[in-house]
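>>> fold the stuff below for me.
(2 chains)
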Amino acid sequence: MLNQAIFFYFAVVILVSAILMITRRNAIHSVLFMLLLFFHIAGLFVLLNAEFLAAVQLIVYAGAILILYLFVVMLLNVDKEAHVARANRFWPWLVAFGFVIVGELALLVLRGSFPAESGKTMGLVGYGVKELGIELFTKYLVPFEIASVILLVGLVGAVMLAKKTEN
Amino acid sequence: MVPLSWYIVLSAALFTIGVVGVLTRRNIFFILMSIELMLNAANINLVAFSHYLQSLTGQIFTIFVITVAAAEAAVALAIIILLSRNRGSVYVDEFNLMKG
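This is a model prediction of the structure:
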C-alpha cells in the first residue's frame, strides 16, 4: 500500500513536470522542471531496487547533462521570448495524436497479462551493485568498451564542433 | 505491490509527452529536451522490467542508454551553438536552406 502511494506520488510529479517542461516559454524554467523530473525518476529507480542507477541518474543526468543545457541556454540567450510563437501551427492536432497514442498503449498494456507478476516472488534483496559490476565486466565487457569509445568521440566531437575557427 | 503495467503506462505516457514536445516546439532547444524525456521514459521501462524479471540486463542497458544520452547531448548542444552562430536563429522553421 505504501509502495503504491509512493509510486503514485512519483508518477504524478514526473508527468506534471514533463508537461510543464515542454510548455514553458522561458528555457530556464523548462530546465528547472527537467531537474525536478530527474530527481523523481531517480526516486522511482530507488523504488525499483536500482540504487546504483539512481545515483548514476543524478550524477550524469542532473549533474552533468542538465548543467550543460543551462550553460548553452546562458550562452545563446534563449532566455525570454516574449512575443514569439512557442509551437508550430499544428499543435492541437499533435496533442490529440499524443492522447491517441497513449490511450492505445495504455489499453494494450492494461488488457494484457504479464507472467512476471503471477509469481509474486519479487525479493527485496538479490541484486546489488556488486552483481551489477560483475555482470558489466564479464558478460557485457565489449559494450562497456564501446561505450568508452562513444564517450571519447562525443568529447572530441563537441570540442571540435564548437571551437572558434581562427582565420 | 505495484503492478508492472503501471510502470509501463507511466513510461508510455512520458514517452508520448516527449514525442509531442519534439513535434510541437519551434525552439530547437526544447526539441532537444524532449528527446531527453523520451530517453528517460525508455530508462524507466527498462529498469521496471529488470526489477520484475529479476534480471540485471535491464539495468546494464540503462547504464548504456545514459552514457549514449550524455554523449549525444554534448554533440547536439555543440551543433546548436554552431547553428546559432552561423544562421543566427534557434527556430527550426527558419532553417529552410534546402527548401526548393
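>>> for the residue nearest the centre of chain A, which non-adjacent residue is spatially closest?
For chain A, the residue nearest the mean C-alpha position is A:Phe38 (6.2 Å; CA atoms, centre = their mean). In this structure, A:Phe38 finds its nearest non-sequential neighbour in A:Ala62, 4.3 Å apart by CB to CB, 6 or more residues apart in numbering or on different chains. The C-beta positions use only the backbone N, C-alpha and C, and glycine is treated the same way.
>>> still on that earlier bit, any idea of the pLDDT on the residue nearest to the centre of chain A?
pLDDT recorded at A:Phe38 is 97.
>>> off-centre distance for whichever strand or helix holds it?
Element membership for A:Phe38 (DSSP states H and E) is helix A:27-47. The chain centroid and the centroid of helix A:27-47 are separated by 8 Å, computed with CA atoms, centre = their mean, to the nearest Å.
>>> assign whichever residue of chain B sits closest to chain A to helix, strand or coil.
Scanning chain B for the residue nearest chain A gives B:Ala71, at 3.0 Å (criterion: CB to the nearest CB). At B:Ala71 the chain is in helix, as set by DSSP: H, G, I helix; E, B strand; the rest coil.
>>> was I right about it contacting A:Ser148?
No. B:Ala71 is beyond contact range of A:Ser148, at 10.4 Å (criterion: CB atoms under 8 Å).
>>> looking at the two, which is more packed in?
B:Ala71 (19 against 11; other CB atoms under 10 Å in any protein chain shown).
>>> what kind of secondary structure is the residue nearest to A:Phe38 in?
A:Ala62 is classified as helix under three-state DSSP.
>>> same deal with B:Leu97?
Assigned with three-state DSSP, B:Leu97 falls in the coil class.
>>> pLDDT score assigned to it?
80.
>>> cool, and B:Ala42?
Taking B:Ala42 on its own, its pLDDT is 97.
>>> quick one: it from B:Ser11, how far?
7 Å (CB to CB, to the nearest Å).
>>> so what sits against both of those two?
Between them, B:Ala42 and B:Ser11 share no contacting residue under CB atoms under 8 Å, 6 or more residues apart in numbering or on different chains.
>>> who's more crowded, those two?
Shown here are B:Ala42 and B:Ser11; by other CB under 10 Å, B:Ser11 has more neighbours (24 against 18).
>>> go ahead and confirm that one touches B:Ile44.
Yes. Using CB under 8 Å, B:Ser11 makes contact with B:Ile44 at a distance of 4.5 Å.
>>> now the helix or strand containing B:Ala76: buried residues?
In this assignment (DSSP H and E), B:Ala76 forms part of helix B:57-87. Residues B:58-64, B:66-67, B:69-81, B:83-84 are the ones in helix B:57-87 that count as buried (16 or more other CB atoms under 10 Å in any protein chain shown).
>>> so which elements touch that helix?
Here helix B:57-87 touches helix A:51-56, helix A:66-76, helix A:129-138, helix A:141-162, helix B:28-52, going by 3 or more CB pairs under 8 Å, 6 or more residues apart in numbering or on different chains; DSSP states H and E.
>>> contact partners of the shortest one?
Counting contacts by CB under 8 Å, 6+ apart, the residues outside helix A:51-56 that touch it are A:42-43, A:45-46, A:128-129, A:132, B:43, B:47, B:59, B:62-63, B:66.
>>> list the contacts for B:Glu94?
Counted by CB under 8 Å, 6+ apart, B:Glu94 has contacts B:Arg87.
>>> rewinding a little: I'd like to know how many residues surround the residue nearest to A:Phe38.
18.
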